[in-house]
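Asks: need coordinates for the below:
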Amino acid sequence: MTNSFDKIGVICGPTATGKTNLAIKLAKIFKGEIISADSRQVYRQMDIITGKDLPRGSKFNLIFEDKKRRVGYYLFEGIPVWLLDVVSPKQRFSAADFYELSLKVIEIILGKRKLPIIAGGTGFYIKTITDNIETLGIPPDWKLREKLSSYSAVTLLKILDNLDPERSRRMNESDKKNPRRLVRAIEISKNPKIKKESKKFDFYLAGLKASNSFLYEKIDQRVEERVSSGAEDEVKSLLKKGYHWSNSALGTTIGYKEWRGCFENKEKKGEVIKKWKFAEHEYARKQLTWFKKIANLSWYLISEEGWQESLEKDFKDWYS
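Replies: Numbering: from 1, shown residues only. From the prediction side, this is the model:
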């Protein structure tokens with residue numbers, strides 16, 4: 001079991017900011033292993049467009065599997081990177097899955113006396129761990145909801161205070177005035193699944209950011225590199241293997257869904273690439289908005305001289 005002082009590093013931020021490369025560098029310095037927090041890189045055979053950048057010849061080291069999910073790691077410059085290639089593109093993979101599997105991997109890494117470093121751009125995945133959202137799999141209690149439906153926010157807050165004062169304390173002022181969220185908090189607190197002691201970790205959260213113009217240039221360059229590396233052929237191969245746009249992994253993922261018009265309506269390749277770039281730009285903006293909501297996140301501007309040295313020093317001060 002973990003204790004209150006187990007440390008976890010987090011490297012997050014929008015796409016194309018170099019999170020994985022930085023995480024690898026930190027893992028080498030601080031004897032760490034990396035947990036990928038990328039909601040698209042969990043899918044097998046979706047490699048080029050998602051930017052897995054698997055090292056040539058690197059093999060998947062399987063550690064355990066269940067429910068058609070497989071968990072293991074690839075070695076990047078000798079550093080294990082976990083939670084890549086977990087499920088097939090026909091399967092769904094949720095934040096609840098990430099929470100469950102990442103906690104298991106954290107235990108494995110800590111058991112080796114190594115530092116877990118979570119790196120990725122899927123904000124809600126990271127939030128499940130940093131905010132200990134152990135409630136993702138708890139279903140609604142409709143009878144309880146009906147019973148509490150006429151209660152005021154003030155009354156609901158009093159009920160929650162008596163039932164779970166710690167959960168009540170963690171809620172922000174807006175949530176404390178929101179009957180729907182208070183009812184959910186009461187519903188969670190009454191569920192026996194969470195009566196066990198919650199895991200506590202000491203996080204250092206580093207966020208990488210840049211101006212839009214700087215970021216867009218990096219994104220566009222990366223898209224062009226992925227096109228040159230065979231993005232179109234990758235989509236073609238997935239379709240030949242029986243995957244379809246109706247599979248959420250293919251039909252909703254940026255970089256894949258934009259090719260649909262090319263394959264079905266003979267849309268020009270140049271137009272596909274243009275749409276892909278714009279979609280990545282929009283996603284980067286959304287990521288920045290999301291990450292700004294995470295408390296205690298230290299930001300580093302990647303266009304500034306010496307930002308990596310500054311981050312490494314801050315990281316070292318926290319870790320030691």
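Asks: I'd like the average pLDDT over the strand or helix carrying residue 107.
Replies: Residue 107 belongs to helix 95-111 when elements are defined using DSSP states H and E. Helix 95-111 carries an average pLDDT of 94.
Asks: also stretch 182-201?
Replies: 76.
Asks: can you measure across it, start residue to end residue?
Replies: 25 Å (C-alpha to C-alpha, to the nearest Å).
Asks: now stretch 151-161: buried residues?
Replies: 151, 153, 156, 157, 159, 160 (16 or more other C-beta atoms under 10 Å). C-betas here are computed from N, CA, C, even on glycine.
Asks: buried residues of the longest helix anywhere in the chain, list them for me.
Replies: When the chain is parsed with DSSP state H, its longest helix is helix 269-291. For helix 269-291, the neighbour count (16+ other C-beta under 10 Å) marks 272-273, 275-277, 279-281, 283-284, 287-288, 290-291 as buried.
Asks: could you do stretch 106-116 as well?
Replies: Buried-residue list, stretch 106-116, by 16+ other C-beta under 10 Å: 106, 108, 109, 110, 114, 115, 116.
Asks: which SS class is the residue nearest to residue 9 when sequence neighbours are not counted?
Replies: Nearest non-adjacent residue to residue 9, counting by C-beta to C-beta, 6 or more residues apart in numbering: residue 117, 4.2 Å away. Three-state call for residue 117 (DSSP: H, G, I helix; E, B strand; the rest coil): strand.
Asks: what is the burial count for residue 117?
Replies: Using other C-beta atoms under 10 Å, residue 117 is surrounded by 26 other residues.
Asks: tell me the bridge partners for it.
Replies: Beta-bridge pairing for residue 117 (DSSP bridges): residue 9, residue 34.
Asks: looks like residue 37 contacts residue 116 (just checking).
Replies: No. Using C-beta atoms under 8 Å, residue 37 is not in contact with residue 116, being 11.2 Å away.
Asks: where does the stretch 101-250 of the chain dip in pLDDT?
Replies: When residues are selected by pLDDT under 70, those of the stretch 101-250 of the chain lie in 134, 137, 192-199.
Asks: what are the boundaries of the helices in it?
Replies: 123-130, 142-148, 153-163, 165-170, 173-176, 179-189, 212-228, 231-240, 248-251 (DSSP state H, counting those that start in this stretch).
Asks: what would the ones you listed look like in TSV with distance to residue 317?
Replies: Formatted as TSV, these follow (distance: least, C-beta to C-beta, whole Å):
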stretch	distance to residue 317
helix 123-130	19
helix 142-148	46
helix 153-163	37
helix 165-170	27
helix 173-176	32
helix 179-189	35
helix 212-228	27
helix 231-240	41
helix 248-251	40
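Asks: please identify the most buried of those helices.
Replies: Mean neighbour count, computed with mean count of other C-beta atoms under 10 Å, is highest for helix 123-130 among the helices of the stretch 101-250 of the chain, reaching a mean of 22.
Asks: what sits up against that one?
Replies: Contact partners of helix 123-130, identified using C-beta atoms under 8 Å, 6 or more residues apart in numbering, comprise 8, 10, 12, 37-39, 95-96, 98-99, 102-103, 106, 118, 120, 133, 136, 201, 203, 205, 287, 290-291, 293-294.
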